[in-house]
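S.K.: just to be clear, the model below is a prediction. Sequence and coordinates:
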Amino acid sequence: MIVLKSDDEIKRMAESCRIVAEVLEGIKKNIAPGVATEELDEFAESFILSKGARPAFKGYRGYPASVCTSVNEQVVHGIPSSTKLRNGDIISLDIGVCYKGFYGDAAVTVPVGSVDKQAGKLLLVTEKALKIGLEKSVAGNRLSDVSFAIQEYVESEGFSVVRNFVGHGIGRELHEEPQVPNFGKPGEGPRLLPGMTLAIEPMVNAGDWEVVILNDGWTAVTKDKSLSAHFEHTVAITKNGLNILTKL
Ligand code: MF3
Ligand code: CO
């Protein structure tokens with residue numbers, strides 16, 4: 001069941017989402033060659049706690065950290081560790097926060113130092129795929145209009161969309177209905193309505209779409225070892241258009 005949110009609930013989600021956006025902003029400033037991903041996790045966790053909020057991923061199905069740090073061919077759910085970032089890497093940072101009973105979830109992928117042309121294009125295309133998905137996230141459209149638009153754009157740029165992970169409803173839970181795939185035919189699924197709150201999150205591979213899970217039980221990597229990027233916003237569909245809650 002899709003739970004529609006009142007304007008007041010959306011306002012409360014916006015507070016949680018603002019913390020998410022601030023953490024991402026802060027983490028981005030800490031990205032540099034030589035920095036260990038666990039340092040990013042420490043920064044994020046202490047920032048979130050200092051706001052009186054809770055890191056939503058920590059303990060979720062046993063996930064051990066506050067942030068997912070997915071480097072290069074890692075798609076999502078990379079676990080922060082003592083491994084240091086190197087010049088030319090790309091890193092996806094995914095953060096979830098719960099504040100006063102409401103969730104926010106967002107992700108960005110950023111370059112470490114200077115990256116090659118292919119990596120640079122992957123970041124631009126994935127960020128634009130999210131933007132295109134958001135443009136379709138208006139009341140009256142069908143859910144799969146979002147999915148289709150993302151897939152069509154990504155494939156037109158010669159990249160592929162991940163199938164094994166999808167976006168989702170969000171609000172009083174981290175994952176609510178409906179699922180929001182980044183692929184599919186247009187004109188299917190539920191009609192988008194004011195009060196729907198969604199986490200839209202294209203995951204884009206430079207090569208093929210298949211992923212495998214590493215032995216840690218979490219880290220998803222591309223099967224062909226190609227680079228992968230991930231951008232995500234939590235949004236609310238309102239009668240006045242889209243409210244991007246995790247944008248500062
Ligand atoms: N943004 C991801 C999601 O929507 C991150 C979840 S990580 C987990 O599922 F640790 F919470 F699983
Ligand atoms: Co999400």
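M.R.: Structure received. Residues are numbered from 1 along each chain as shown. Ligands and ions are numbered 1, 2, ... in the order given.

S.K.: my guess is Glu25 contacts Lys247. True?
M.R.: No - assessed by C-beta atoms under 8 Å, Glu25 is found out of contact with Lys247, at 10.6 Å. Yep, even glycine has a C-beta here, placed from its N, CA and C like the rest.

S.K.: so which residues of this protein form helices?
M.R.: When assigned using DSSP state H, the helices of the chain occupy the ranges 7-29, 37-50, 117-135, 143-156.

S.K.: which secondary structure elements does the second one contact?
M.R.: Think helix 37-50. Using 3 or more C-beta pairs under 8 Å, 6 or more residues apart in numbering; DSSP states H and E as the contact criterion, the secondary-structure elements in contact with helix 37-50 are helix 7-29, strand 54-55, strand 67-71, strand 90-99.

S.K.: can you name the residues in contact with the shortest one?
M.R.: What it means is strand 54-55. By C-beta atoms under 8 Å, 6 or more residues apart in numbering, the surrounding residues in contact with strand 54-55 are 44-45, 48-49, 65-67, 95-99.

S.K.: Trp209: what's its closest spatial neighbour, skipping adjacent residues?
M.R.: Ser160 (4.0 Å; C-beta to C-beta, 6 or more residues apart in numbering).

S.K.: so that neighbour sits against Gly207, correct?
M.R.: Yes - using C-beta under 8 Å as the test, Ser160 is close enough to Gly207 to be in contact (7.0 Å).

S.K.: which one's more surrounded, those two?
M.R.: Between Ser160 and Gly207, counted using other C-beta atoms under 10 Å, Ser160 has the larger neighbour count: 23 against 16.

S.K.: so Ala139 touches Leu193, yeah?
M.R.: Yes - with contact defined as C-beta under 8 Å, Ala139 reaches Leu193; the gap is 5.8 Å.

S.K.: which parts of this protein sit against ligand 2?
M.R.: By C-beta under 5 Å from the ion, the part of the chain that sits against ligand 2 consists of 105, 199.

S.K.: go again with 8 Å.
M.R.: Proximity of the chain to ligand 2 is confined to 94, 96, 105-107, 167-168, 170, 174-175, 199, 201, 232, 234 under the rule C-beta under 8 Å from the ion.

S.K.: so which of those are in strands?
M.R.: With strands taken from DSSP state E, the overlap with the residues of the chain next to ligand 2 comprises 94, 96, 105-107, 167-168, 199, 234.

S.K.: top of these by number of neighbours, please.
M.R.: Among those, where neighbours are counted by other C-beta under 10 Å, the top count belongs to Thr234, at 31 neighbours.

S.K.: how confident was the prediction at it?
M.R.: As summarised for this prediction, Thr234 has a pLDDT of 99.

S.K.: list the contacts for it?
M.R.: Taking C-beta under 8 Å, 6+ apart as the criterion, Thr234 is in contact with 13, 17, 20, 103-106, 170, 197-199, 245-246.

S.K.: near ligand 1, from those residues?
M.R.: Checked against ligand 1 using C-beta under 6 Å from any ligand atom, the contacts of Thr234 give the following subset in range: 105, 199.
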